[in-house]
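In: missing the sequence, but the structure's below:
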């Protein structure tokens with residue numbers, strides 16, 4: 001018998017001063033059995049960074065054909081494709097051919113090795129942004145994980161502050177390629 005996904009509920013308030021985006025989101029996240037709290041919370045952070053009416057969670061880890069998050073226009077064209085972790089370089093190139101913008105949010109001990117191995121090929125992709133999160137940051141994010149979460153995310157001048165009843169985290173992603181948050185597609 002297959003292990004089912006664990007469902008998490010997050011009430012996320014976003015105050016993004018850089019994009020003038022202010023909204024409350026009631027999110028349901030399904031954590032795949034092979035996914036860690038750390039990865040799930042990075043997906044949640046990715047949602048907060050690029051939130052909009054059309055941004056939604058994809059199948060991500062359970063499907064090669066869909067990203068962790070994506071934003072489509074009314075015609076179904078993919079405006080933004082967001083991957084979390086250390087995706088295969090060929091999959092990123094394929095995503096860059098399918099979407100107007102692609103964002104990879106890397107993290108973990110192997111992130112620097114992954115970037116060094118793939119940098120030359122990925123830097124040729126003009127519609128790609130690669131961000132890296134420090135290990136301390138993603139571990140602190142994982143510590144905020146709870147089956148029901150009340151989170152507030154404030155973004156100003158590319159600085160991110162995520163707060164909950166469990167604590168507060170200041171997040172400064174390292175930009176490896178592209179710009180911190182590309183303009184709206």
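Out: Ah, there it is. Computed from a prediction, not measured in an experiment: that's the story for all the values here.
In: okay, CA-based contacts and neighbour counts for the rest of this
Out: Will do.
In: how about residues contacting the lengthiest helix in the chain?
Out: Counting by DSSP state H, the longest helix found in the chain is helix 37-50. Under the criterion CA atoms under 8 Å, 6 or more residues apart in numbering, residues 12, 14, 29, 31, 55-56, 68-69, 82, 84-85, 105, 138-139, 141-142, 145, 153, 155, 181 lie in contact with helix 37-50.
In: show the buried residues in the residues you listed.
Out: The neighbour count (16 or more other CA atoms under 10 Å) marks 12, 14, 29, 31, 55-56, 68-69, 82, 84-85, 105, 138-139, 141-142, 145, 153, 155, 181 as buried among the contacts of helix 37-50.
In: what are the pairing partners of the helix or strand just after the longest helix of the chain, and which direction each?
Out: For helix 37-50, the succeeding helix or strand toward the C-terminus, using DSSP states H and E, is strand 55-57. Take DSSP bridges as the rule and strand 55-57 pairs in its sheet with strand 69-72 (antiparallel).
In: ok, residues contacting the strand it pairs with?
Out: 43, 46-47, 54-58, 60, 78-83.
In: recalculate using a threshold of 10 Å.
Out: Contacting residues not belonging to strand 69-72 are listed as 43-44, 46-47, 50-60, 77-84, 99-103, 185 [CA atoms under 10 Å, 6 or more residues apart in numbering].
In: distance of residue 4 relative to residue 117?
Out: 34 Å (CA to CA, to the nearest Å).
In: which ones are touching the residue nearest to residue 96 when sequence neighbours are not counted?
Out: Distances taken as CA to CA, 6 or more residues apart in numbering put residue 102 closest to residue 96, at 5.9 Å, once the chain neighbours are dropped. Neighbouring residues of residue 102 by CA under 10 Å, 6+ apart: 67, 70, 78-83, 92-93, 95-96, 125-130, 182.
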